[in-house]
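> no sequence on this one, just coordinates:
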């Protein structure tokens, strides 16, 4: 279970003109934002949607930083840490969650963060352009 964010060219048409103004290092500029701020935005959204267990055993995933980020070029992938692999069960309604509706908190959290990520990416590039030019 994981969710992956990758830049889709159709979603970044307004960035095209900015890309033309930046030298070859546009990839590094985009990656620097996606691998830090953007991945944190998405992770926070996902964690906020993790359903609370009715069992009061141990520390809940929501309070434990249960996710990790795998950096990929022009994107990132969010996965549960090994200790929290059980999150696949409520996310996909597997195991004891069978019969329940899948929560799909991973995908819903990523989807909720896309507008903020794209806005932040635009601001990040604008800031870089102001500094360079």
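Thanks, I have the structure now. Keep in mind that this is a model prediction, so the values were computed, not measured.

> quick one: the residue lying closest to residue 49 once chain neighbours are set aside from residue 130, how far?
Using Cβ to Cβ, 6 or more residues apart in numbering and skipping residues adjacent in sequence, the residue nearest residue 49 is residue 105, 3.8 Å away. Yep, even glycine has a C-beta here, placed from its N, CA and C like the rest. From residue 105 across to residue 130, the span is 37 Å (Cβ to Cβ, to the nearest Å).

> which one's more surrounded, the two?
residue 105 (19 against 8; other Cβ atoms under 10 Å).

> sec struct for the most centrally placed residue in the chain, please.
What sits nearest the mean C-alpha location of the chain, by Cα atoms, centre = their mean, is residue 42, with 3.2 Å. Recorded secondary structure, residue 42: helix (DSSP: H, G, I helix; E, B strand; the rest coil).

> doesn't residue 78 make contact with it?
Yes. Taking contacts as Cβ atoms under 8 Å, residue 42 lies within contact range of residue 78: 6.0 Å.

> OK, contacts around residue 106?
Residue 106 makes contacts with 1-3, 46, 78, 87, 91, as judged by Cβ atoms under 8 Å, 6 or more residues apart in numbering.

> thanks a lot, catch you later.
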